[in-house]
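sequence first, predicted model second:
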Amino acid sequence: MKTRKMKALLLMILSLYCGSLVAQTGRSIQGRVLNEKSEPVEAASVHVLNGSDFVITDSSGNFRLPAISNRQLRLQVTATGYAATIVEVNPKENGLNIVIPVSGKRLDEVVVVAQKKEEVLQTVPAGISHLSARDVQDFRLWDNRDLTAISPALYSANPGDNRNVISIRGITSTSYDPAVATYIDGVNQFGLDTYISPLYDIERIEVLRGPQGTLFGRNAMGGVINIVTRKPADNATGFVEASAGQRNRQWRLSAGYKAPIIKQKLYFGIAGLVHDQRGFYTNDFNGKPYDKQIMASGNYYLLYKPAHNWQLNLNFKHLNANNKGAFPLVIGKDEALSNPFHLNQNATTTMQDNTLNASLSVMHQAEKFRFSSQTAFQQNKRIYQQPIDADFSPLDAISIINDYGDEWNRTRVLTEELRLTSPEGTGSRVQWNTGLYLYYQKSPVRQSTRFGQDANLIGIGDSLFTTTNISITHNTGAALYGELTYNLHPKWDLRGGLRAETNRQQKEVSGLYMKDGMTEPIVTLPDTSAHTSYTALSPRASIGYKSNESNYLYFSYSRGFRTGGLTELSSDPSQPPLFPYDPEYGNNLELGWKSDWWQKKLQVNLAAFYSIVNDAQVPTLQLPDAITVIKNTGKLRSRGMEAEITAVPFSRLQFQYNFAYTDSRYQDYKTTSQGSETDLSGNRQVFTPATTSLLAVQYMPVLSRKHSISGLLRAEWYWLGTTYFDLANRIRQPAYHLVHIRGGVTWKQMEAALWVRNLFDTRYISYAYDFGGIHLGDPSNAGITWRMRF
């Protein structure tokens, strides 16, 4: 009933705005995109910043786009093989010539939407990493977990189920409410159960470090990963990419095509991915590969422009995965490292993991404001076809069952965001941004723990019985936010914002017990329900000083939070169900400096941060139920510094060096274990390397100008400092390094490259549970990738 009412409300709001479609007249902007030799650049993208208009140049480099007013506009021009360029234009001008340099001569002029509006990266008062479509290819980013160390102070890993735990600046969580929010095409991936992690057909990725609660709300306390996929335009474009790994361990195929149905009116786009992995682990119980998996994903667009200042975008994404070894874990660090990529589990199964994400976005550019609306629906259904091993041994002791029909273990999320933004190019000293965010989530979970014939051997005290935990959770929330930017002076700017968010969670739980041979289960906990609610305020303020066009200094304060809620039902009597836990709050101070040197051949961005997290939430995986219980513990302090340095000292040669030092420790954390209190104050945060370091060098020599053939040589060196995976700091991964290399050739619109990941076959722990379950990082593997654009 709540879902239907919310859908009706959102449809009514949308119809009111769509009913106000009024075309506005304006002059068109016409021009050409040329290279430094005055040759036309074909297939260059020309985009109006903070506008809905973008076009692709024709074979003569010509473009034409409408202007909704006579105000000064900024255009960003991007093209394969050229440095992204930003130009200011007057709509009254015609015959505009825009000259863009080749990518090897200077760095890109990067635009980000970190503040929910398009701005030049070097003038945003926040630590932000930007990865272009070319960067995604160069780093061979196939999944969100590959972002580790590419953005300073970022660590990402999963235990084999492809649900990544992400840490930024020592702020992280292993619960299903993450501490780092991920947005894909403007849609918040609401939790790890509605999460699409594979990367393909990407336009750009932005990593915002530090609390982003003011504009992004719940679960953005550590930062935000903002992923934008490619959109269709007036020219038909497409790509095909195929990869194969050594020893038939994996193959990956992605392709896409975008084209106009009616030019300047109606467009469609489609992209897809199929990824088959044989995996790295062998199950010694049956001598077969363990972690085999295959996934298929799609991304589909329908874009409609009823008038040049209106745009409607219908998008549908899906991910369907069959994972035959979702948790390749070995108990004990010594055993995992001494006999790597071998495990011994008797209960084998396939995890079916199906996610969909649908959204309708509406944008309108008026004379005095820009309006946008995004309605989104997300759903995930995850089941184990057969019971999955929960004792991680060859014993028939403990397994988990969750296949109970269509309605159970299916998470649904409905969100709506309405936003108004000040227009571009007014000359006003004040810019503003305000919005309303609504959400509803329903998560019905039914999960059983099966105790087999060997349960007595691990101290259970009984065998051949099943316990079942049932919960139905409803989350409803609303947030109102706003932010102002005031330009005190051409060199000084002030920003301030505030978000007020309210959330209500209702949870119903019950428990069952059934011994083999019984016809009906015994009710161990009758249907019991409770609810909790909270309100959170997330302010932000900053001051920036731009001494010249190449240097920007800023100081900021920001606050974020991670949602509170009610605990689940577990078999541990010391963990009562429906016990409320509070939101955790993070306050962050940051001092940063952004600079460009040598005619934009060198870029140096530095930042120092200091964060305090109050009412820190600590999730604990309760065994044997495999249920996460969360408690508020105390206070966490995280401090550190970051550096991002990029240079193109010579034509076609590029260096990139990123570094971060993070000291993240609990200042106040006492826990009770087996009736005695343990003080863990001073212990380090989990999933947080003390240092992250990346050095990437790439050289693309011209092999034949006549035939447009270039070479490609690339090497990446990663260094990750000491990392802990449990709060007692007993599971420790010492500092280690990884080396990736790639070499190949490009010819016109095609590229072929050989690559090696983890060249020196470093053995390291990438993920671990506090009960001792260890998952290793991938061993050395090599392959080939072929790519064609058209």
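Looks like it came in fine. Quick caveat: nothing in here was measured; it's all calculated off a predicted structure.

please make it C-alpha for all contacts and neighbour counts, starting now.
OK.

what mean pLDDT does whatever helix or strand A500 lives in have?
Assigned by DSSP states H and E, A500 falls within strand 492-515. Strand 492-515 shows a mean pLDDT of 97.

Provide the strand pairings for it, with the direction of each partner.
Strand 492-515 has its sheet partners listed here by DSSP bridges as strand 465-489 (antiparallel), strand 522-548 (antiparallel).

can I get it in CSV, CA atoms only?
Once non-C-alpha atoms are left out, strand 492-515 reads as follows in CSV (Å, rounded to 0.1, in the frame of the first residue of the first chain):
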residue,chain,number,x,y,z
TRP,A,492,37.3,34.5,-3.1
ASP,A,493,34.3,32.2,-2.8
LEU,A,494,32.2,31.1,0.1
ARG,A,495,30.0,28.0,0.1
GLY,A,496,27.5,26.8,2.7
GLY,A,497,24.8,24.2,2.7
LEU,A,498,22.5,22.1,5.0
ARG,A,499,20.5,18.9,4.6
ALA,A,500,17.7,17.8,7.0
GLU,A,501,16.8,14.2,6.7
THR,A,502,14.3,12.1,8.5
ASN,A,503,14.0,8.3,8.5
ARG,A,504,11.6,5.7,9.9
GLN,A,505,12.4,2.0,10.1
GLN,A,506,9.8,-0.7,10.9
LYS,A,507,10.9,-4.3,11.4
GLU,A,508,9.0,-7.5,12.0
VAL,A,509,10.9,-10.6,13.1
SER,A,510,10.0,-14.2,14.0
GLY,A,511,11.9,-17.4,14.6
LEU,A,512,11.3,-21.2,13.9
TYR,A,513,13.0,-24.5,15.0
MET,A,514,12.5,-27.8,13.2
LYS,A,515,14.1,-31.1,14.0
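
how far does that strand sit from its chain's centre?
20 Å (CA atoms, centre = their mean, to the nearest Å).

any idea which helix or strand in this protein has the lowest mean pLDDT?
helix 2-18 (a mean of 48; mean pLDDT, DSSP states H and E).

who are the packing partners of the helix or strand following that one?
Sequence-wise, the next helix or strand downstream of helix 2-18 (DSSP H and E) is strand 28-34. Secondary structure elements in contact with strand 28-34, counted by 3 or more CA pairs under 8 Å, 6 or more residues apart in numbering; DSSP states H and E, are strand 62-66, strand 96-99.

highest mean neighbour count out of these?
strand 62-66 (a mean of 19; mean count of other CA atoms under 10 Å).

now it and strand 28-34, what's the angle there?
150 degrees (axes from the mean of the first three to the mean of the last three CA atoms, to 10 degrees).

show me the helices in this structure, by range?
Taking DSSP state H, the helices of the chain run over residues 2-18, 133-138, 213-216, 333-338.

quick check: mean pLDDT of stretch 73-90?
So the average pLDDT for stretch 73-90 ends up being 89.

so for it, what gets flagged as buried?
For stretch 73-90, a neighbour-count test (16 or more other CA atoms under 10 Å) marks 73-80, 82-86, 90 as buried.
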